[in-house]
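J.: one predicted model, sequence on top.
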Amino acid sequence: MNLDTLLRTARADHDFRALVRSSGLLYVAGIFSYGLTFLQQITTANLIGLNAYGQFATVVAATGLVMLIADFRTWEAASKFLAVPLATKDYQQASRIVGWLSAFDVVSGAIGASAVLLLSPLLAQYLLHDEATQVLIALYSFSLPFRLFAAGVPNAFLRLENRFGWLAAKSIVFSVARLILISGPAFMGLGLPGVLVGALAADAFHACVMAWLTFKLWHDLQVEQPVRRRLTLARPAELGRILDMLRTLWIGASLKALQLETFIPILALLTSPAQVGLLRFGLDVAQMVMRLSEPFSIVIQPTLIQLGETGDRKRFLRYIALAFCGLLLIAVPFFAGVVTLGPSILPLFIDPVYIPAIPVIQVLALGFAVSAAMLWLRPAIIALDCVRQQNTVGLFTLIVSVVSLILVAPAYGAIGAAVVMTGFLLFYNLLSSGIVIRHFSRNSVTV
């Protein structure tokens, strides 16, 4: 399919028009929220200094690593198992799935927080190299239930019911809250303790907003129903399938997340807080492409899973092609801009101590630009029930990336870690794409 044909197909395609329409509001809101997020990261880094920012990054990464282990990807499971009940207005079954999976997130988050509390002395001693930070690590561990709940079922529920305007407004409000609650204490001279307390408050606020939106949507859906169902913790009808899906999703997501989130703790063990700060700063900038692509991803994820449930393979593949082209329009300019303009623009906004992070940003930009263009891949694999095959890819790339990082980090620091991370992202996406291609090669489909 050539470019002209693809453009004509896109203009005539109902699914693509819905993608553009639904993501448009999210994208406009995203511009504001991403700008606020970037401002929060830059101001916090400059105000508390390189070493404190490296410690902040280590605390967030260490608790985030535990969170990823405790995260069973309930939002992905909810997208798959809520699609049919919501479409058929089976609110009894939907209420059980929403309630049960939400409680699952809160409980797993509490277990994760307990693990961080137990490990806080070791984390303070070996990762932050400062035993006085043990209290701060223990305090921030309480963010885990809030973060898991906010990222879980409410997200899937709102997306499936096309409440993208609500999500757009929420993203701006949350970004403003983070700017005030995190950069505010830094501006007031409260240092690392104030910034961590602010981050905890921001996570709690986010969870409360998502809970309110969930209850509001549930009420709105049943306004015209003769019998209104309450959200309940009763056993869902397909609990066995749900548990099997959660287990499979957890293995795959944990393997990939471990590869990304172990970089900072390993770097902290093998180098200095300054090198950790450079890598964290590089990630803050490079990952902006993922945030810029998020509005498309938010719409793509439920749509692909729903198309997979219908079994319309031709429509499914066409949607992938059009979504991929739309994501390229974001990823390619971002990467080109970072590589060509970054060295001359970034020094105008950052403290001179962060200048060595510029090559780190450029290397990471390649990996995250490719990942942004492939954001359709994960929901496609879930829809095709190929998660187990991707888990094998994740295990292989985890071993290779961790071993590579241990070998490279002592000599090359942040830039070495950036090269290893980018290599992982490229390799992981390549092998995962092969899974989808192999799946459809068994039954040839013309798009």
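T.: Perfect, I can see it now. Note that the structure is a prediction, hence the values are computed from the model and not measured.
J.: for stretch 216-225, give the mean pLDDT please.
T.: Taken as a whole, stretch 216-225 has an average pLDDT of 80.
J.: what does that stretch rub up against?
T.: Stretch 216-225 has contacts (C-beta atoms under 8 Å, 6 or more residues apart in numbering) with 86, 89, 91, 95, 98, 157-158, 161, 163, 166, 228-229, 231. In short, each C-beta sits where N, CA and C put it, glycine included.
J.: strands of the stretch 51-200 of the chain, residue ranges please.
T.: With DSSP state E, counting those that start in this stretch, there are no strands along the stretch 51-200 of the chain.
J.: just for the stretch 201-350 of the chain, where's the confidence low?
T.: 223-228, 257, 259-260, 309-311 (pLDDT under 70).
J.: next, the distance between the ends of stretch 251-269.
T.: Stretch 251-269 has an end-to-end distance of 25 Å (criterion: C-alpha to C-alpha, to the nearest Å).
J.: flag every buried residue along that stretch.
T.: By neighbour count on 16 or more other C-beta atoms under 10 Å, the buried set for stretch 251-269 is 251-268.
J.: go on, stretch 384-397?
T.: Here stretch 384-397 shows 384, 386, 387, 389, 390, 391, 393, 394, 397 as buried, counting by 16+ other C-beta under 10 Å.
J.: before we move on, back to that, go through the contacts of stretch 216-225 and name the one nearest residue 38.
T.: When the contacts of stretch 216-225 are compared for distance to residue 38 (C-beta to C-beta), residue 166 wins out at 23.4 Å.
J.: re earlier: and the buried residues of stretch 384-397 as JSON lines, adding secondary structure, pLDDT and distance to residue 56?
T.: Below are those laid out as JSON lines (DSSP: H, G, I helix; E, B strand; the rest coil; pLDDT from 0 to 100; distance: C-beta to C-beta, whole Å):
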{"residue": "384", "secondary structure": "coil", "pLDDT": "85", "distance to residue 56": "40"}
{"residue": "386", "secondary structure": "coil", "pLDDT": "86", "distance to residue 56": "38"}
{"residue": "387", "secondary structure": "helix", "pLDDT": "87", "distance to residue 56": "34"}
{"residue": "389", "secondary structure": "helix", "pLDDT": "89", "distance to residue 56": "37"}
{"residue": "390", "secondary structure": "helix", "pLDDT": "87", "distance to residue 56": "32"}
{"residue": "391", "secondary structure": "helix", "pLDDT": "88", "distance to residue 56": "32"}
{"residue": "393", "secondary structure": "helix", "pLDDT": "89", "distance to residue 56": "32"}
{"residue": "394", "secondary structure": "helix", "pLDDT": "84", "distance to residue 56": "28"}
{"residue": "397", "secondary structure": "helix", "pLDDT": "86", "distance to residue 56": "28"}
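J.: nearest to residue 314, of these?
T.: residue 384 (14.3 Å).
J.: ok, so what distance separates the closest one from residue 248?
T.: 13 Å (C-beta to C-beta, to the nearest Å).
J.: at which residues are the helices of the stretch 201-350 of the chain located?
T.: Counting by DSSP state H, counting those that start in this stretch, the stretch 201-350 of the chain has these helices, from start to end: 239-261, 263-270, 273-286, 288-310, 313-345.
J.: who touches the first one?
T.: Outside helix 239-261, the residues within contact range by C-beta under 8 Å, 6+ apart are 61, 64-65, 68-69, 71-74, 76-77, 80-81, 97, 100-101, 104, 236, 382, 387-388, 390-391, 394-395, 397-398, 401-402, 421, 424, 428.
J.: can you select the buried ones from those residues in PyMOL?
T.: Remark: buried members of the contacts of helix 239-261, expressed as a PyMOL selection using 16+ other C-beta under 10 Å:
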select buried, resi 61+64+65+68+69+71+72+73+74+76+77+80+81+97+100+101+104+236+382+387+390+391+394+397+398+401+402+421+424+428
